[in-house]
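Peer 1: got a predicted structure plus its sequence, pasted below:
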Amino acid sequence: MMLQASFEQSLVHSGAISFEQRIYDPLDHIGEGTKERISRLYVTEVLDPVANLFAAAVADREIIGDPQFLMNAFLHLVRAGDLTSGPDDAERIVTLFLDGARPR
């Protein structure tokens, strides 16, 4: 499934500090114009592509739901796993999101 492979690849580089924390912690030390540019880039280069991936998956009937809601739910799950790293953890997070926690 293309969707699962895309999610897993994006999680492989997870670290002990969340991605958002790495971006936003230094913002107190830079000017307003740079803050606005970084915020805009975060939306256009990080959030929008994830939302587009979900929209495509919904359109292709790989998953169901509102793409924005799915994006937010997935990213919050990823943030919860920020203290783990490695391809095995990425696969577990994606599987939990796509398949749930119920036994099959």
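Peer 2: Yep, that arrived.
Peer 1: any idea how far residue 78 is from residue 92?
Peer 2: Residue 92 sits 11 Å away from residue 78, going by CB to CB, to the nearest Å. Any C-beta I mention is one placed from the backbone N, CA and C, and that applies to glycine too.
Peer 1: more neighbours: which of the two?
Peer 2: For residue 92 and residue 78, the more surrounded residue by other CB atoms under 10 Å is residue 78, and the numbers stand at 20 against 15.
Peer 1: now do the one helix or strand that one maps to: which elements does it pack against?
Peer 2: Element membership of residue 78 [criterion: DSSP states H and E] is helix 67-80. Using 3 or more CB pairs under 8 Å, 6 or more residues apart in numbering; DSSP states H and E, the elements in contact with helix 67-80 are helix 48-59, helix 87-99.
Peer 1: how about it: buried residues?
Peer 2: Applying a neighbour-count criterion of 16 or more other CB atoms under 10 Å, one finds 67, 70, 71, 74, 75, 78 buried in helix 67-80.
Peer 1: if I look at the residue nearest to the fourth one when sequence neighbours are not counted, how far off is residue 36?
Peer 2: Spatially, and ignoring its direct neighbours in sequence, residue 74 is nearest to residue 97 (5.4 Å; CB to CB, 6 or more residues apart in numbering). Distance of residue 97 to residue 36, given as CB to CB: 31 Å.
Peer 1: cool, and residue 71?
Peer 2: 22 Å.
Peer 1: residue contacts, residue 56?
Peer 2: The contact partners of residue 56, by CB atoms under 8 Å, 6 or more residues apart in numbering, come to none.
Peer 1: grab the most central residue of this protein for me.
Peer 2: residue 75 (3.9 Å; CA atoms, centre = their mean).
Peer 1: burial of the closest residue to that residue other than its chain neighbours, as a residue count?
Peer 2: Ranked by CB to CB, 6+ apart and with sequence neighbours excluded, the top spatial neighbour of residue 75 is residue 50, at 6.8 Å. Other residues within reach of residue 50, judged by other CB under 10 Å, total 19.
Peer 1: distance of residue 50 relative to residue 92?
Peer 2: Counting by CB to CB, the gap from residue 50 to residue 92 is 19 Å.
Peer 1: what does residue 98 give?
Peer 2: In terms of CB to CB, residue 98 sits 11 Å off from residue 92.
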